[in-house]
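1. no FASTA, just this:
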């Protein structure tokens with residue numbers, strides 16, 4: 001009985017909490033929050049408690065509280081609307097709106113906090129810790145506030161606000177000062193008042209962004225054409241470049257952060273400032289390139305590069321200029337550089353550096369323009385209008401195809417650097433390396449690299465046989481560099497094999513001399529035999545007949561027997577036309593050491609036992625057994641060597657070429673032959689009569 005009575009007694013604390021009774025207590029605090037008035041800590045905490053208790057006690061209270069809160073918000077908004085609309089001046093209107101909006105937007109973050117329990121009840125949820133249930137950005141109260149502001153104020157004046165903002169931007173473009181926060185505030189209103197949770201920027205894009213871009217286009221459509229007409233293209237390029245940069249900075253301030261809006265505005269500005277005048281801009285290009293106006297070219301490039309496909313004409317102009325200018329420079333110096341490989345390479349490198357600097361300075365080293373430079377320079381290097389070399393179209397073919405002499409001249413220049421020459425002697429090792437790398441740089445543009453490799457191999461063969469390399473390490477290093485730059489692998493492999501043959505030959509020479517000394521009393525120190533692999537050196541297998549001096553004839557079978565004992569199954573083929581030696585020559589003037597080919601040696605040895613006799617051409621042919629064409633060429637090198645003032649042999653009757661030698665033409669040792677230095681005949685000295693060592697016979701050349 002007592003329990004029943006107690007369960008029905010209602011104490012003062014248990015009295016129902018009705019919304020109608022508690023709202024008058026909450027309303028003053030809510031009003032202060034909406035108006036951004038000062039709220040004490042106690043009022044703030046009491047509001048949380050009141051909302052929580054009322055919503056949990058009375059199931060009808062949440063709907064009533066939501067409507068009351070909506071009315072309180074609308075009351076404030078109507079008051080704010082009156083304060084905003086009382087201004088007619090667009091800047092005053094903007095100032096008033098931004099001021100009210102800023103206050104309201106701030107409170108959108110605070111007012112929803114005490115009403116978290118209200119939102120939970122409206123969503124059919126209850127929680128003892130409601131503040132953790134929903135993030136602030138998803139708050140129903142915040143959405144209520146923004147929707148109310150949008151419908152009551154913003155929707156009615158947004159066009160005025162937008163027009164006023166665009167007018168302020170117009171003033172800024174005309175160099176007038178204003179508070180940029182006014183435009184920023186309008187933009188933020190468009191973004192923050194959008195109720196589309198899936199696309200928060202929808203209203204911003206449809207209205208503010210579109211208006212901003214349209215106003216920008218309209219502004220420059222009016223300004224650009226007149227500026228060009230008044231100031232000319234050179235000044236217009238500066239104007240357009242400055243305005244593009246200016247608008248990029250302005251967009252980062254007034255448009256929503258992110259690439260989408262920036263790209264739209266950039267495309268708009270490029271259309272009205274560059275694309276509309278593209279043809280006029282590009283017409284300036286040829287003259288700017290020809291006069292090397294790098295600063296203006298760089299400005300032009302920065303403009304047209306923004307236009308899709310805008311650089312294509314520039315690339316064509318540049319390529320044409322490099323080819324025509326380069327070819328013109330080569331033609332002007334053709335008479336000199338066609339015969340001087342050093343000057344030829346220096347001329348090409350000078351052109352390459354000049355055009356590379358143009359691309360770097362005018363086009364910022366853009367890869368597209370580097371490619372255009374490479375294409376044009378390749379055409380200069382391979383052009384045949386100035387430097388032409390006739391080569392067979394295929395082995396054994398009668399027709400000949402013109403080729404650029406560039407591969408030949410590059411190979412000649414490499415030979416000058418790698419051989420013991422005045423050029424290689426005056427350069428330091430580092431300078432030689434740098435120049436060899438310059439050759440490799442030009443070589444990348446050579447179309448027929450096989451031609452270079454054939455000439456380079458010929459020069460290398462002479463250097464290795466005559467032992468005239470300035471630095472053997474550099475020789476082998478050059479082979480590796482050729483491999484690295486992608487020269488034909490078969491050629492490079494053969495070059496490497498040639499070095500191996502020389503090293504193997506050195507070992508064989510040492511063994512042969514030691515063995516020969518023990519078995520024969522012959523001076524073997526003067527003998528140097530080179531056993532060369534035919535596959536690597538690629539010389540013809542045709543044997544050229546020649547009657548060797550007795551001293552050499554005795555050595556030949558000894559060498560062959562020695563080699564067969566050490567290497568069975570291999571066949572030796574003597575190439576006397578590739579051999580050389582040094583002979584001691586004496587006459588009435590003095591004594592000299594002559595470096596000669598085997599053919600020259602065979603001819604001179606005809607006078608070994610009769611130094612003052614006169615011998616006919618027919619007799620020399622019978623004595624030496626050298627074929628007619630080779631004999632004529634050999635004798636001519638002894639009677640008309642270009643570097644000698646006094647020739648080794650004299651002859652009668654005189655003629656203009658070796659083809660004019662008759663069987664009756666007689667030759668004799670020139671007793672007045674001497675080495676001339678400083679205008680005086682030297683009694684002793686050494687003379688090189690080899691010149692370019694003959695590597696193929698006349699028959700093989702044909």
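-> Yes, it's here. Note that the structure is predicted; figures quoted are calculated from it, not measured.
2. Can you report phi and psi for the residue lying closest to residue 213 once chain neighbours are set aside?
-> Leaving aside its sequence neighbours, residue 213 sits nearest to residue 268 (CB to CB, 6 or more residues apart in numbering; 5.0 Å). C-beta coordinates here come from the backbone N, C-alpha and C atoms, glycine included. Here is the backbone geometry of residue 268 (degrees, to the nearest 10): phi -60, psi -50.
3. now what about the one helix or strand residue 328 maps to, what contacts it?
-> If you go by DSSP states H and E, residue 328 is part of helix 312-332. Applying CB atoms under 8 Å, 6 or more residues apart in numbering, the contact partners of helix 312-332 are 282, 285-286, 289-290, 300-301, 304, 337, 347-348, 351, 355, 358-359, 363, 368-369, 372-373, 375-377, 379-380, 383, 385-387.
4. Are any of these buried, and if so which?
-> Among these, those buried by neighbour count (16 or more other CB atoms under 10 Å) are 282, 285-286, 289, 300-301, 304, 337, 347-348, 351, 355, 358-359, 363, 369, 372-373, 376-377, 379-380, 383, 386-387.
5. on that earlier part again, right, and the residue nearest to residue 213 touches residue 218 too?
-> No: the criterion here is CB atoms under 8 Å, and residue 268 misses it with residue 218 at 10.2 Å.
6. what's the span of stretch 591-602 from first residue to last?
-> End-to-end distance for stretch 591-602: 19 Å, by CA to CA, to the nearest Å.
7. mind listing what's buried in that stretch?
-> Counting neighbours by 16+ other CB under 10 Å, stretch 591-602 gives 592, 594-602 as buried.
8. before we move on, the earlier item: give the rounded mean pLDDT of the helix holding residue 328.
-> Across helix 312-332, pLDDT averages out at 92.
9. swap in stretch 493-507?
-> 88.
10. Repeat that for stretch 287-305.
-> Mean pLDDT, computed over stretch 287-305, is 93.
11. What of stretch 208-226?
-> 93.
12. who has more neighbours, residue 268 and residue 218?
-> Ranked by neighbour count (other CB atoms under 10 Å), residue 268 and residue 218 place residue 268 first, with 18 against 13.
13. how far away is that one from residue 206?
-> Distance, residue 268 to residue 206, using CB to CB, to the nearest Å: 16 Å.
14. before we move on, what about residue 322?
-> 50 Å.
15. between these two, who's got more neighbours?
-> The residue with more neighbours, out of residue 322 and residue 206 and counting by other CB under 10 Å, is residue 322; that gives 25 against 12.
16. Can you classify residue 506 as helix, strand or coil?
-> Look at residue 506: counting by DSSP: H, G, I helix; E, B strand; the rest coil, its state is helix.
17. Could you report the neighbour count for residue 341?
-> Neighbourhood size, residue 341 [other CB under 10 Å]: 22.
18. Isn't it up against residue 405?
-> No: counting by CB under 8 Å, residue 341 does not reach residue 405; the two are 9.5 Å apart.
19. How many neighbouring residues does residue 59 have?
-> Neighbour count for residue 59, taken as other CB under 10 Å: 9.
20. Only the buried residues of the helix or strand where residue 335 lies, if you could.
-> Using DSSP H and E, residue 335 maps to helix 334-337. Within helix 334-337, the residues scored as buried using 16+ other CB under 10 Å are residue 337.
21. on contacts alone, who are the packing partners of it?
-> When contacts are defined as 3 or more CB pairs under 8 Å, 6 or more residues apart in numbering; DSSP states H and E, helix 334-337 packs onto helix 341-363.
22. could you say what helices and strands the helix it packs on packs with?
-> The contact analysis (3+ CB pairs under 8 Å, 6+ apart) places helix 341-363 against helix 294-304, helix 312-332, helix 334-337, helix 367-382, helix 406-418, helix 429-443.
23. what helices or strands is the fourth one leaning on?
-> For helix 367-382, the contact count by 3+ CB pairs under 8 Å, 6+ apart identifies helix 312-332, helix 341-363 as packing neighbours.
24. Give me the contact list for that helix.
-> Residues external to helix 367-382 that are found in contact with it (CB under 8 Å, 6+ apart): 311, 314-316, 318-323, 326-327, 330, 348, 351-352, 355-356, 359, 363, 404, 406, 442, 445-448.
25. same deal with the first one?
-> By CB under 8 Å, 6+ apart, the residues outside helix 294-304 that reach it are 234, 237-238, 240-241, 244, 273-274, 278, 281-282, 284-285, 288-289, 310-311, 314, 358, 361-364, 366.
26. for the host helix or strand of residue 47, what is the average pLDDT?
-> In this structure, residue 47 sits in helix 41-57 according to DSSP H and E. Summarised as a single mean, pLDDT over helix 41-57 is 86.
27. Quick one: list the elements packing against that helix.
-> Helices and strands touching helix 41-57, as assessed by 3+ CB pairs under 8 Å, 6+ apart, comprise helix 19-35, helix 61-85, helix 116-122.
28. Just the buried positions in it, please.
-> Within helix 41-57, the residues that count as buried by 16+ other CB under 10 Å are 47-48, 50-52, 54-56.
29. likewise stretch 415-424?
-> By 16+ other CB under 10 Å, the buried positions in stretch 415-424 come out as 415-419, 424.
30. same deal with stretch 64-79?
-> Going by neighbour count (16+ other CB under 10 Å), the buried part of stretch 64-79 is 65-66, 68-69, 72-74, 76-77.
31. Quick one: distance of stretch 87-95 to the chain centre.
-> 56 Å (CA atoms, centre = their mean, to the nearest Å).
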